[in-house]
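> This is the structure alone, sequence omitted:
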Ligand code: SF4
């Protein structure tokens, strides 16, 4: 009997219209856990580096995590993996909500799409019955609208629907996959779904999930819930509001936006409005948010309530996720939060990434101001800031006029437009838009995360370790007192010795070796979460989370019946980390790609940055080009990866 997982994947060949239920190898669960880990294994095995993102040989994988759907709080992530049209590297983008638990209850760990459908379809998974159904009547419909129409059509109000909107249908590189409470937005996974001509996946599952040691597992889950209560009663003092508690990161609960609006950049990640936040704006924004926020809501089996149902008069109700209320507002230089709530509804229906898309639009208007784009490119565009953004969003998702080139994201659009537009592409890493954050002094830990993160997106790589030092020793002592999550006591000392100024401050402290240690801890927790399907908001993202390296092994053992300890779990993390690095190295990723945006920090230290990369690569068992060595791959049971990379000349003679 298989525990925690179902032991079956659903393989759907869209070209042939063939559906297969395929038993999986339990050995792979031991090696990779599930979720991101087994998704990566499938991409490595079945998508050679020559395969283009929009090839029918590219796969689109909807994976559940190993713990998804079990009673583990917050274990609800769907991990969507494919080759990204934006980066041409592996994309993995997660969504919460209810989709993955429903899929597990229907009896599947993953849905794997290959090929392309000859006409627009949706997939209906109802436990053992799986159908490919015509979706031509849904062409052009919004994501929320599509979900409602399908549920009515099937008379299944409890079905979970993951759908694309117009952006996905038109293969906009920033297209998302939307699912009620959540979405999978980064790196163009919605564009690949559109390329496969799949409008939606609908799932209803009513089966049980087996647990290896149910009583012990429930006890451990209760401990997690208990700790969540403890953290709710003990917010971390001395850090920004959104980092004081748990959650991901509770954007709809809090109304204090001083930190975001004054530290994040406005427009195309260039302008800081340091004195923007004041009492009058705080009151006005608070009133708007509380007015439209009908109810705070959670994902499957989570008490945190990070999302909210939004009702703005005159437009359809929708769910606001994460940070989108600010991204459009700030990119358009609109001082009314009201605009953010309105345009986010349209963007959700279109199905676009709320981080990248506003930046693409701000980039376009910057090009117009600079004369690189002309009035002719914007014929018919209103002149007011709000109207301009609605107009351009419509053009991008339809790929009309200038919207066609902008639909490929800032990096590609800059090169297609030419005439100096490349100089305005200043906030991408590996061809992908980053958070519009510009800071003063280089932070060595963040430098490494930005440069080397395989997720190619700083959000949800960070976590665990405070972002900046506490000013006083008393505060530091208080913080470390109940810091049970540290994998090693040395991290407490790192924090105690970290100062705001002087020898023990950024950029030379944390030291190179300490920075590598800290990044490794942060990455480890994210990779484990992404394999287990646990929301980062309860684990790898916040300070002092309920899940950590000390309780995870017991939780995994009790759920899945796999003998686990911290060393073995660390080995699995390293295996998954290296496998994804190998996929990207095989697709051409090099050290030259591993750099944050030029102006992310005002003060840069090229020599230190090279040392940081050298030390990080060495720690990982990679060569100085960032390629895993044959020896380290062999030690991680990835000898077959080395055997592939060596004849390609990617692993050099060591
Ligand atoms: S912490 Fe928030 S985003 Fe994460 S599972 Fe819970 S409600 Fe969803």
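Received it, and whenever you're ready, just let me know what you need. Computed from a predicted model, the values in this text were never measured in an experiment.
> Please count neighbours and contacts with C-alpha atoms only from this point.
Fine.
> so how far is residue 461 from residue 123?
32 Å (C-alpha to C-alpha, to the nearest Å).
> residue boundaries of the helices in the stretch 1-150 of the chain?
Per DSSP state H, counting those that start in this stretch, the stretch 1-150 of the chain carries helices over the ranges 26-32, 35-46, 99-106, 143-154.
> Could you look over those helices and pick the most buried one?
Among the helices of the stretch 1-150 of the chain, helix 99-106 has the highest mean neighbour count (mean count of other C-alpha atoms under 10 Å), at a mean of 28.
> other SSEs contacting that one?
Under the contact definition 3 or more C-alpha pairs under 8 Å, 6 or more residues apart in numbering; DSSP states H and E, helix 99-106 sits against strand 60-64, strand 160-163, strand 198-204.
> Now do the helix or strand that the shortest one is followed by, average pLDDT.
Once strand 160-163 ends, the next helix or strand along the chain (criterion: DSSP states H and E) is helix 166-169. Averaging pLDDT along helix 166-169 yields 98.
> before we move on, what about stretch 257-267?
The pLDDT scores in stretch 257-267 average 90.
> Would you mind telling me which of residue 123 and residue 461 has more residues around it?
residue 461 (23 against 20; other C-alpha atoms under 10 Å).
> residues in contact with that one?
By C-alpha atoms under 8 Å, 6 or more residues apart in numbering, the contact set of residue 461 is 449, 453, 455, 522, 523, 526, 541.
> how about a cut-off of 7 Å?
By C-alpha atoms under 7 Å, 6 or more residues apart in numbering, the contact list for residue 461 reads 449, 522, 523, 526.
> Please report the distance of it from residue 520.
Taking C-alpha to C-alpha, one finds residue 461 at 10 Å from residue 520.
> shared neighbours, the two?
Counting by C-alpha under 7 Å, 6+ apart, residue 461 and residue 520 have no common neighbour.
> one step back: can you say which of the helices and strands packed on helix 99-106 is packed in most?
strand 60-64 comes out most buried of these by mean count of other C-alpha under 10 Å, with a mean of 29.
> contacts for the host helix or strand of residue 413?
Using DSSP H and E, residue 413 falls within helix 409-417. The contact list for helix 409-417 (C-alpha under 7 Å, 6+ apart) reads 173, 174, 360, 405, 406, 421, 422, 425, 428, 431.
> contacting residues around residue 206?
Residue 206 neighbours (C-alpha under 7 Å, 6+ apart): 105, 106, 127.
> okay, these in CSV with distance to the ligand next?
Listed next are the contacts of residue 206 as CSV, based on distance: C-alpha to the nearest ligand atom, whole Å:
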residue, distance to the ligand
105, 18
106, 20
127, 24
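> Name the nearest of those relative to residue 620.
residue 105 (37.1 Å; C-alpha to C-alpha).
> Mind pulling the model confidence for that closest one?
At residue 105, pLDDT is 98.
> and if you look at residue 240?
Residue 240 is given a pLDDT of 83.
> and the closest residue to it other than its chain neighbours, how many neighbours?
Excluding the flanking residues, the one nearest residue 240 by C-alpha to C-alpha, 6 or more residues apart in numbering is residue 259, at 7.2 Å. By the measure other C-alpha under 10 Å, the count of residues near residue 259 is 13.
> mind giving me the domain split of this protein?
Segmentation of the chain into domains, based on automatic domain parsing, reads 8-204, 242-433, 439-645.
> Now tabulate these in JSON lines and tack on distance to residue 234.
Output for those, formatted as JSON lines (distance: least, C-alpha to C-alpha, whole Å):
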{"stretch": "domain 8-204", "distance to residue 234": "19"}
{"stretch": "domain 242-433", "distance to residue 234": "8"}
{"stretch": "domain 439-645", "distance to residue 234": "11"}
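> With respect to burial, which of those domains scores highest?
domain 8-204 (a mean of 23).
> circling back to that earlier point, want to try TSV for the contacts of residue 461, with distance to residue 19, pLDDT and secondary structure as columns?
Formatted as TSV, the contacts of residue 461 follow (distance: C-alpha to C-alpha, whole Å; pLDDT from 0 to 100; DSSP: H, G, I helix; E, B strand; the rest coil):
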residue	distance to residue 19	pLDDT	secondary structure
449	40	94	helix
522	39	96	helix
523	36	96	helix
526	32	96	helix
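> can you put the residues you listed in a markdown table and add distance to the ligand?
What follows is those, written out as a markdown table (distance: C-alpha to the nearest ligand atom, whole Å):
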| residue | distance to the ligand |
| --- | --- |
| 449 | 22 |
| 522 | 17 |
| 523 | 18 |
| 526 | 13 |
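> what two of the residues you listed are the furthest from one another?
Taking C-alpha to C-alpha as the measure, the contacts of residue 461 span a maximum distance of 12.0 Å, between 449 and 526.
> Report the distance from stretch 547-559 to the chain centre.
Relative to the centre of its chain, stretch 547-559 is centred 23 Å away, using C-alpha atoms, centre = their mean, to the nearest Å.
> Can you pull out the residues in contact with it?
Residues from elsewhere that reach stretch 547-559, judged by C-alpha under 7 Å, 6+ apart: 3-4, 211-214, 216-217, 220, 485, 487, 538-539, 562-566, 569.
> ok, back up a step: of all the helices and strands packed on helix 99-106, which lies closest to the ligand?
Smallest distance to the ligand across those (C-alpha to the nearest ligand atom): 13.8 Å, for strand 60-64.
> Note down every partner strand of the closest one and its orientation.
The strands beside strand 60-64 in its sheet (DSSP bridges) come out as strand 78-83 (antiparallel), strand 110-114 (antiparallel).
> Identify whichever of these lies nearest to residue 602.
Closest among these, using C-alpha to C-alpha: strand 78-83, at 33.2 Å.
> The closest one versus helix 99-106: what angle between them?
Relative orientation of strand 78-83 and helix 99-106, computed by axes from the mean of the first three to the mean of the last three C-alpha atoms, to 10 degrees: 100 degrees.
> Give the rounded mean pLDDT of strand 78-83.
98.
> Kindly calculate the angle that it makes with helix 35-46.
Between strand 78-83 and helix 35-46, the angle comes out at 30 degrees (the same axes, to 10 degrees).
> what does strand 78-83 rub up against?
For strand 78-83, contacts defined as C-alpha under 7 Å, 6+ apart pick out 35-36, 39, 53, 58-65, 89-96, 99-100, 189, 533.
> Summarise which helices and strands the helix or strand harbouring residue 194 is packed against.
With elements taken from DSSP H and E, the one containing residue 194 is helix 189-195. Applying 3 or more C-alpha pairs under 7 Å, 6 or more residues apart in numbering; DSSP states H and E, we find helix 189-195 packed against helix 166-169.
> Reformat the helices and strands packed on helix 99-106 as TSV; add distance to residue 73.
Shown next, in TSV, are those (distance: least, C-alpha to C-alpha, whole Å):
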stretch	distance to residue 73
strand 60-64	15
strand 160-163	19
strand 198-204	21
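> could you dump those strands to TSV with distance to residue 374 and mean pLDDT?
Output for the helices and strands packed on helix 99-106, formatted as TSV (distance: least, C-alpha to C-alpha, whole Å; pLDDT from 0 to 100):
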stretch	distance to residue 374	mean pLDDT
strand 60-64	38	98
strand 160-163	35	98
strand 198-204	35	98
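> what's the closest of those to residue 436?
Per C-alpha to C-alpha, nearest to residue 436 of the helices and strands packed on helix 99-106: strand 160-163, 27.7 Å.
> which residues touch that closest one?
98-99, 143, 147, 177-179, 199-204.
> any idea how far residue 159 is from the ligand?
Distance of residue 159 to the ligand, computed by C-alpha to the nearest ligand atom, to the nearest Å: 18 Å.
> Next one, pLDDT for that residue please.
98.
> and the stretch 451-600 of the chain, which residues reach the ligand?
The stretch 451-600 of the chain comes close to the ligand at residues 535, 537, 538, as judged by C-alpha under 6 Å from any ligand atom.
> Since that was my last question, I'll sign off now.
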